[in-house]
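S.K.: fold the following for me, if possible:
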Amino acid sequence: MSTAEIAHEQDHLDMLHARVEALRDDARNRLTGVLRETGGTRQGRLEREAAAARYAGQVARYDAAENGLCFGRLDLRDGDRHYIGRVGLPAESADDDPLLLDWRAPAARPFYVATPAAPHGVRRRRHITTRGNRVVRLDDEVLDRDGVPVGELTGEAALLASLDAGRTGRMHDIVATLQAEQDAIIRSDHRGVLVVQGGPGTGKTAVALHRAAYLLYTHRQLASRGVLVVGPNPTFIGYIGQVLPGLGENSVLLSTVGELFPGVRADRTEPSETAEVKGRTEMAAVIAAAVRDRQVPAGTGLEVEFDGDVVRLDHEECLRAADAARATRLPHNRAAPVFRREIVAALARRSVEDTRTLADRLEADIAEVLAEADLDRAVRADLDALPGLLGEEDSAAAQERTEAQDIADVRRMLATDATSGPRSTPSGLRSPHSSC
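M.R.: The predicted structure is shown next:
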């Protein structure tokens, strides 16, 4: 192992760590500045929350990358040189090449797939082993022997060295020693379900976790939604728990099957007979039927208070909304928005019907009042025709006062809720709806 080569790589590693520290300090300062801001519009608050999450993620990513920051180097036939690491590090000038390539970047792929038969423009691949911030080992693989002097080669195969490393009881990332077959799975462009098969100890779990890290890198929108990793038991979750954070990805939730439902921890041990029954395929149909029965329990309706009134839906209307949701053939939770839309639409229709009924009743009451007022005026006209009861001037004045009072009474009744109960009509007559 060449001391000069190790010293050279140590200088480069020191520069990379200094760059990480500078970027982390910048992210922390920006995060502090955002957290100190207060007030503003709702849009402004949302933007601050998004910025705070972004800067906090950057700080966490740089913290996680400290251990094993740089693990590889590619020397290309055209004279270019690329260092490969856990995260990408930009140069201070935007016009310069990156100081460190993220292992998931397309330009870093030759580090994993280049062979003497298909070198992908690589003449030498160097594996850099570090402990903390110190370079402790270099391993070179020459893909173009004519381009690399023998005196510059050092170390043995990095994969063999990693196999000789001691066990720690926890899974670590294999990003520095991925093989071409594993890399092909990790970078697969398949958009459906990807099944990784293999015998015990063949690296299925490690490849799946690195696949998740690769998808988070290439599809950044996944970070806002998060990634769920489900394991069979807490021991397994503890064993793999540091792989993704060690790769700089923190938008990941690890959980056992018994902890998937928020606030519930399924830790009871079932008798073997019960477990056998619950594990049968038929249980899926039993559970589906139970969910269906509870979607709209028999005999139930719905009451919703709206604008001071109570709008009611009967069981049949609720059942029609459930049938519309089931017709989508979506799972229960995903069909729930359809059910809610149907219920809102039914409530709106019922509210319109109630309003129309109320308006019809009000119109009928007004018509009755006006008809009774016409009858009252006709009776007074007949009385005025009788001699000796009222003088002509007194009769005209009395009729004018009565008509004015009738108009005032009608206007007052128009402003009164039609459902307010019995009331007096003009001139002392009673509404047909009132009691005798």
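S.K.: number of nearby residues for the spatially closest residue to Y55 that is not a sequence neighbour?
M.R.: Once flanking residues are discounted, Y55 sits nearest to L31: 3.8 Å by C-beta to C-beta, 6 or more residues apart in numbering. For glycine as for every other residue, the C-beta is placed from the backbone atoms N, C-alpha and C. L31: 19 surrounding residues under other C-beta atoms under 10 Å.
S.K.: I'd say L31 and A53 touch.
M.R.: No. Using C-beta atoms under 8 Å, L31 is not in contact with A53, being 9.5 Å away.
S.K.: quick one: the most centrally placed residue in the chain and H8, what's the gap?
M.R.: Nearest to the mean C-alpha position of the chain, by C-alpha atoms, centre = their mean, lies R225 at 4.5 Å. Per C-beta to C-beta, to the nearest Å, R225 is found 43 Å from H8.
S.K.: swap in M283?
M.R.: Note on M283: its distance to H8, by C-beta to C-beta, is 63 Å.
S.K.: N133 now?
M.R.: According to C-beta to C-beta, N133 stands 16 Å off from H8.
S.K.: check R125 too.
M.R.: R125 is 17 Å from H8, by C-beta to C-beta.
S.K.: with T235 instead?
M.R.: T235 is 43 Å from H8, by C-beta to C-beta.
S.K.: same thing with R61?
M.R.: 27 Å.
S.K.: same question, P106
M.R.: From P106 over to H8 the distance is 27 Å, taken as C-beta to C-beta.
S.K.: the two: which is more packed in?
M.R.: H8 (13 against 9).
S.K.: against which helices or strands is the particular helix or strand that has the more buried one in it packed?
M.R.: Using DSSP states H and E, H8 falls within helix 3-36. For helix 3-36, the packing partners by 3 or more C-beta pairs under 8 Å, 6 or more residues apart in numbering; DSSP states H and E come out as helix 42-64, strand 70-76, strand 81-85, strand 122-131, strand 134-142.
S.K.: could those go into a markdown table alongside distance to R268 and mean neighbour count?
M.R.: Below are these laid out as a markdown table (distance: least, C-beta to C-beta, whole Å; neighbours: other C-beta atoms under 10 Å):
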| stretch | distance to R268 | mean neighbour count |
| --- | --- | --- |
| helix 42-64 | 35 | 15 |
| strand 70-76 | 44 | 21 |
| strand 81-85 | 45 | 22 |
| strand 122-131 | 45 | 21 |
| strand 134-142 | 49 | 18 |
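S.K.: turn those into CSV, including distance to I366 and mean pLDDT.
M.R.: Compiled in CSV, the helices and strands packed on helix 3-36 are given as follows (distance: least, C-beta to C-beta, whole Å; pLDDT from 0 to 100):
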stretch, distance to I366, mean pLDDT
helix 42-64, 46, 86
strand 70-76, 87, 92
strand 81-85, 83, 93
strand 122-131, 90, 89
strand 134-142, 94, 88
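S.K.: and stretch 292-307, end to end?
M.R.: 32 Å (C-alpha to C-alpha, to the nearest Å).
S.K.: chain center to it, what's the gap?
M.R.: 28 Å (C-alpha atoms, centre = their mean, to the nearest Å).
S.K.: against A345, how distant is G44?
M.R.: Between G44 and A345 the computed distance is 35 Å (C-beta to C-beta).
S.K.: just the pLDDT for L362.
M.R.: At L362, the model reports a pLDDT of 81.
S.K.: so what's the residue count around it?
M.R.: Neighbours around L362, by other C-beta under 10 Å: 16.
S.K.: in what helix or strand does it lie?
M.R.: helix 332-384.
S.K.: mind giving me the packing neighbours of that helix?
M.R.: Using 3+ C-beta pairs under 8 Å, 6+ apart as the contact criterion, the elements in contact with helix 332-384 are helix 282-295, strand 302-306, strand 309-313, helix 315-327, helix 392-414.
S.K.: and if we set it to 7 Å?
M.R.: On a contact count with 3 or more C-beta pairs under 7 Å, 6 or more residues apart in numbering; DSSP states H and E, helix 332-384 meets strand 302-306, strand 309-313, helix 315-327, helix 392-414.
S.K.: for the ones you listed, which has the smallest mean pLDDT value?
M.R.: Across those, helix 392-414 gives the lowest mean pLDDT, at a mean of 59.
S.K.: where does the protein have low pLDDT?
M.R.: For the chain, the stretches with pLDDT under 70 are 1, 145-177, 246, 248, 297-299, 373-436.
S.K.: can I get the CA coordinates of stretch 42-49 in PDB?
M.R.: The C-alpha trace of stretch 42-49 is given here as PDB (Å, rounded to 0.1, in the frame of the first residue of the first chain):
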ATOM      1  CA  ARG A  42     -51.000  31.800   5.500                       C
ATOM      2  CA  GLN A  43     -49.100  31.400   2.200                       C
ATOM      3  CA  GLY A  44     -46.000  32.900   3.900                       C
ATOM      4  CA  ARG A  45     -46.300  30.500   6.800                       C
ATOM      5  CA  LEU A  46     -46.600  27.500   4.500                       C
ATOM      6  CA  GLU A  47     -43.500  28.600   2.600                       C
ATOM      7  CA  ARG A  48     -41.600  29.000   5.800                       C
ATOM      8  CA  GLU A  49     -42.600  25.500   7.000                       C
END
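S.K.: now find how far off-centre that stretch is within its chain.
M.R.: For stretch 42-49, the distance to the chain centre is 18 Å (C-alpha atoms, centre = their mean).
S.K.: sweet, I'm off.
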